[in-house]
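>>> take a look and give me a structure for this.
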Amino acid sequence: GVRARAAEETGGVLRRGGAVRGGAADGGELGRAESRGAALERAGSRAVIKTGMDEVDAGLPSDYEPGVIEKYWNARPLQVQRRIAEVGMTVAPFAAKLWLYRQTKQTESRKKEIAADLRDILTALGPTFIKLGQGLSVRPDLIGPELMRELQTLCDSVPCFENKKAFEIIEDELGAPVHDLFSEISAEPVAAASIGQVYKAKIRATGTPIALKVQRPDMVRRVSLDLYILRKMMALATQVQDRFTANRTDFVSLFTVWAAGTWKELDYKNEGKNAVRFAQMMSNLEGIVVPDVYFEYTGRKVIAMEWIDGVKLANASPSQIEKLVSLGVEAFLQQLLTLGFIQADPHGGNLLATPDGKLCILDYGLMCTVNRGQMDAMVSSIIHLANRDYERVVDDFIELDFLPHTVDKSAVIPVLGAVLDQALEGGGAKNVNFQSLSSELSQITFDFPFKVPPYFALIIRALGILEGIALKSDPNFRLVMQAYPYVAKKLLRERSPALSEALRQILYRDGTFSFARLQTLMESSQGFLGEGDAFVDFDTPPNQLSSREALEFLFSDNGNVLREIISDEVANGIDVISRYAIPLSLGGITRVLPSPVLQLVPGAVGTLPKEDEQYLRNLRDLLRFLLSTQMNEVQRGGIVGSANNIRTVARDIIALSRQFNVIFPRLHQMNKFVLGRLAERAVARTFDGIRAQQALRQ
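Numbering: from 1, shown residues only. Down below sits the predicted model:
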């Protein structure tokens, strides 16, 4: 990514008349030899930006195709052997040390040392192995937690390559000399990484400042050779595993997924397209900045993006960090749970705080996608976690393919529950530290046959990075406090079978609608969490959201899903009233009613069932909620208690109904639904009565 204000830190900007360090041609002589107009004319008539592979890369695929790469390198055995020898000589001392530690039973005590040595080896072996280490750093199911933590510090910063070579690549890709295209370019790269390096430049035709990223020489061949060798190693590892162990991890398939993503990072045109798509999808989230892409200055090995001033988020002021971390959490949750298109290479250098208080997200070379079913299943798992329903959490993990269907759930549930109970001990969500919780869970994934999907592991890393940045300025920051309201909002606003089921699991406790849970969920969506020991204590509302605010949400466009559920409960209550009150008013008339008609008012016979009593209580509580913002204390008098005696409940409903006119104009959004439900019940009851009479005659 681009390092904010890095041009100022490295010093010097190459302008016309200035020399390029590293052996590039002197721009001053060229500048004096022609006018600005001539240079612009040459730039305008330049060759079309190169498409496809270079001549040196001929024979290698544009997209990752293992068979094509294998054919290419099978024809070059000497180059393959040299690289294998280089890798072997680098790895051999480490392997010998590891063997010695195992023989002397020092492996456990030397875990940190072993992890640090492996990190250094991956760095020495170059870009492909650095990327491999970064990929492993978010896969606790493949490596132990100690190694995972060490690899998360893996730095992909490497020395810059010379400007002369970089400018040759720019000219070759864009079809014109650097000085024809850009009036200024930094004397040295402002950032360098394993795959490319970045210059700050200014487009000659428009004067627009840009970040110009240039790929390292011969990267396609170098990376393809390493991928060829690594794939052979994965196939060998699978054979050894299948022969000597009971594990059946498909290393080749896992490697293929990672290799395909790494290969895509070598195509900067694809990165530009990703950035445009990402910007469009995030346009509704105010405060997120995605740099523009200048495709007329972008090829497979060069990309020009808008220059964004700012500082790394970790280096921003405490107040900025607090604001922007919250925004970042929402942005990454939106990617994971709503958009399904995720920036899959999150680290501190890719997050900038801009001078105008916005959060800039950089680097779109590696993205991943999540389908709708996976997104909904993840929301369901969060809801089950929220109320410590660990049995259903395990079921969700199986649905998400985190665990195999054959897993012994009786063994997983108590271990998972013990870890989460300890993490949630005392204070629930407000005391959960995301990084420590992730570390604890990583040990579980190593002890059981977990398979962490790459997209999920990467988003965990992103959220962990955000929490780490926030904790530097606020030791009391808790990521869960920032994340859960987003989940609650999504649950209340979006329609899908999985989300509807999750919402009903919250609102209906033991099959009975709970007004307290409705209130808790609405308050959670606004960021208010209770103090209970549960992750979120649904049965104890925080009582921090005003009734007026709750009512505004219910009757807004975002309250559609909730209005349907509440309308259903209103219909249940009215239905009970019609069946309970009508017989009292009809008196002896019910004795002469035909049997099918009598089924419409079954309250004429017997006592009120417990279920109907609960429907009346729910109706009383809902009416109290709907009217609470419009009634004064006198109007509330006598009906604000919590008595559940059925006669008292009925009296409360009658008293509340007298004030119903104050909110009647807003109830038209619910009327049709309520009337429809009542009609359904009446028709169903009539036909049930007819069938019952027919059965008696038979």
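
>>> assess the claim that residue 133 and residue 120 are in contact.
No - taking contacts as Cβ atoms under 8 Å, residue 133 lies outside contact range of residue 120: 10.2 Å. In this view, the C-beta of every residue, glycine as well, is placed from N, C-alpha and C.

>>> with neighbour numbers in mind, choose between the two.
Per other Cβ atoms under 10 Å, whichever of residue 133 and residue 120 has more neighbours is residue 133, with 22 against 12.

>>> I'd like to know how many residues surround the residue nearest to the more buried one when sequence neighbours are not counted.
Closest residue to residue 133 apart from its sequence neighbours, by Cβ to Cβ, 6 or more residues apart in numbering: residue 122 at 4.0 Å. Using other Cβ under 10 Å, residue 122 has 22 other residues around it.

>>> ok, now the one 5 residues further on?
In terms of burial, residue 127 registers 21 neighbours under the definition other Cβ under 10 Å.

>>> pLDDT weak spots in the stretch 351-500 of the chain?
387, 422-446, 454-455, 457-459, 461-462, 478, 480-481 (pLDDT under 70).

>>> mind doing that once more with 80?
382-383, 385-388, 419-484, 495 (pLDDT under 80).

>>> can you give me the strands for it?
351-353, 359-361, 367-369 (DSSP state E, counting those that start in this stretch).

>>> ok, the chain next?
13-15, 182-186, 191-192, 196-203, 209-215, 288-289, 302-306, 311-312, 341-343, 351-353, 359-361, 367-369, 508-509, 512-513 (DSSP state E).

>>> quickly, which of those bottoms out on average pLDDT?
Note on these: lowest mean pLDDT is at strand 13-15, with a mean of 36.

>>> dump the strands of the stretch 351-500 of the chain into a markdown table; add distance to residue 679 and mean neighbour count as well.
Shown next, in a markdown table, are these (distance: least, Cβ to Cβ, whole Å; neighbours: other Cβ atoms under 10 Å):
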| stretch | distance to residue 679 | mean neighbour count |
| --- | --- | --- |
| strand 351-353 | 55 | 25 |
| strand 359-361 | 51 | 24 |
| strand 367-369 | 44 | 18 |
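
>>> out of those, the one nearest residue 297 is which?
strand 359-361 (19.9 Å; Cβ to Cβ).

>>> each with direction, which strands does that closest one pair with?
strand 288-289 (parallel), strand 351-353 (antiparallel) (DSSP bridges).

>>> which residues does it contact?
With contacts defined as Cβ atoms under 8 Å, 6 or more residues apart in numbering, strand 359-361 is touched by 278, 287-291, 308, 310, 313, 324, 327-328, 331, 343, 350-354.

>>> again, only using 6 Å
Applying Cβ atoms under 6 Å, 6 or more residues apart in numbering, the contact partners of strand 359-361 are 288, 289, 308, 310, 324, 327, 328, 352, 354.

>>> how about stretch 510-525?
The set of residues external to stretch 510-525 that reach it, using Cβ under 6 Å, 6+ apart, is 485, 488-489, 492, 506-507, 538-539, 541-542, 545, 550, 569, 614, 618, 621.

>>> coming back round to it: out of the strands of the stretch 351-500 of the chain, flag the one nearest residue 578.
Closest approach to residue 578 among these (Cβ to Cβ): strand 367-369, 50.9 Å.

>>> centre of the chain to the longest helix seen in the chain, how far?
In the chain, taking DSSP state H as the definition, the longest helix is helix 668-697. Remark: helix 668-697 is offset 44 Å from the chain centroid, using Cα atoms, centre = their mean, to the nearest Å.

>>> quick one: mean pLDDT for that helix?
Mean pLDDT, helix 668-697: 76.

>>> and the strands paired with strand 359-361: which comes nearest residue 251?
strand 351-353 (32.5 Å).

>>> ok now the closest one, how far from the chain's centre?
Distance, centroid of strand 351-353 to centroid of chain: 18 Å (Cα atoms, centre = their mean).

>>> one more: stretch 364-372?
Using Cα atoms, centre = their mean, the offset of stretch 364-372 from its chain centre is 10 Å.

>>> and the end-to-end length of that stretch?
In stretch 364-372, first residue to last residue: 22 Å (Cα to Cα, to the nearest Å).

>>> what's that stretch in contact with?
Counting by Cβ under 6 Å, 6+ apart, 261, 265, 271, 274, 275, 278, 340, 341, 342, 344, 345, 455 sit against stretch 364-372.

>>> may I ask which two of those residues are separated the most?
Longest span within the contacts of stretch 364-372, Cβ to Cβ: 265 and 340, 20.2 Å.

>>> looking at these two, which is more packed in?
Using other Cβ under 10 Å as the criterion, residue 265 and residue 340 rank with residue 265 on top: 24 against 17.

>>> ok so, going back, save the strands paired with strand 359-361 as JSON lines, and put in distance to residue 224 too.
Putting those into JSON lines (distance: least, Cβ to Cβ, whole Å) gives the following:
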{"stretch": "strand 288-289", "distance to residue 224": "34"}
{"stretch": "strand 351-353", "distance to residue 224": "31"}
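
>>> just so I know, which of those strands lies nearest residue 240?
strand 351-353 (40.7 Å).

>>> show me the helices in the stretch 351-500 of the chain, by range?
Ranges of helices within the stretch 351-500 of the chain are 372-386, 390-399, 409-423, 434-447, 454-473, 479-493, 497-507, based on DSSP state H, counting those that start in this stretch.

>>> what about the spatially closest residue to residue 447 that is not a sequence neighbour, neighbour count?
The shortest distance from residue 447 to any non-neighbouring residue, by Cβ to Cβ, 6+ apart, is to residue 415 (7.4 Å). As a burial measure, residue 415 scores 14 neighbours (other Cβ under 10 Å).

>>> now residue 415: how far from residue 160?
As judged by Cβ to Cβ, to the nearest Å, residue 415 and residue 160 stand 48 Å apart.

>>> tell me the contacts of residue 212?
Counting by Cβ under 6 Å, 6+ apart, residue 212 has contacts 199, 201, 304.

>>> can you put those in TSV and add neighbour count and distance to residue 372?
Compiled in TSV, the contacts of residue 212 are given as follows (neighbours: other Cβ atoms under 10 Å; distance: Cβ to Cβ, whole Å):
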residue	neighbour count	distance to residue 372
199	29	41
201	25	41
304	28	34
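
>>> including distance to residue 518, could those go into JSON lines?
Formatted as JSON lines, these follow (distance: Cβ to Cβ, whole Å):
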{"residue": "199", "distance to residue 518": "56"}
{"residue": "201", "distance to residue 518": "56"}
{"residue": "304", "distance to residue 518": "52"}
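
>>> nearest to residue 222 among those?
Closest to residue 222, out of all of the contacts of residue 212 and judged by Cβ to Cβ, is residue 199, at 21.7 Å.

>>> check whether the closest one really touches residue 186, as I assumed.
Yes - using Cβ atoms under 6 Å, residue 199 is in contact with residue 186, at 4.9 Å.

>>> pLDDT score for the residue nearest to residue 133?
Note for residue 122: predicted pLDDT of 90.

>>> what's the distance between it and residue 132?
For residue 122, the distance to residue 132 - Cβ to Cβ - is 7 Å.

>>> identify the residues contacting the nearest residue to residue 124 once chain neighbours are set aside.
Closest residue to residue 124 apart from its sequence neighbours, by Cβ to Cβ, 6+ apart: residue 90 at 5.7 Å. Residues near residue 90 by Cβ under 6 Å, 6+ apart: 121, 124, 125.

>>> against residue 501, how distant is the residue nearest in space to the middle of the chain?
Nearest to the mean C-alpha position of the chain, by Cα atoms, centre = their mean, lies residue 336 at 2.6 Å. Relative to residue 501, residue 336 is positioned 20 Å away (Cβ to Cβ).

>>> repeat for residue 339
The value you get for residue 339 to residue 501, if Cβ to Cβ is used, is 22 Å.
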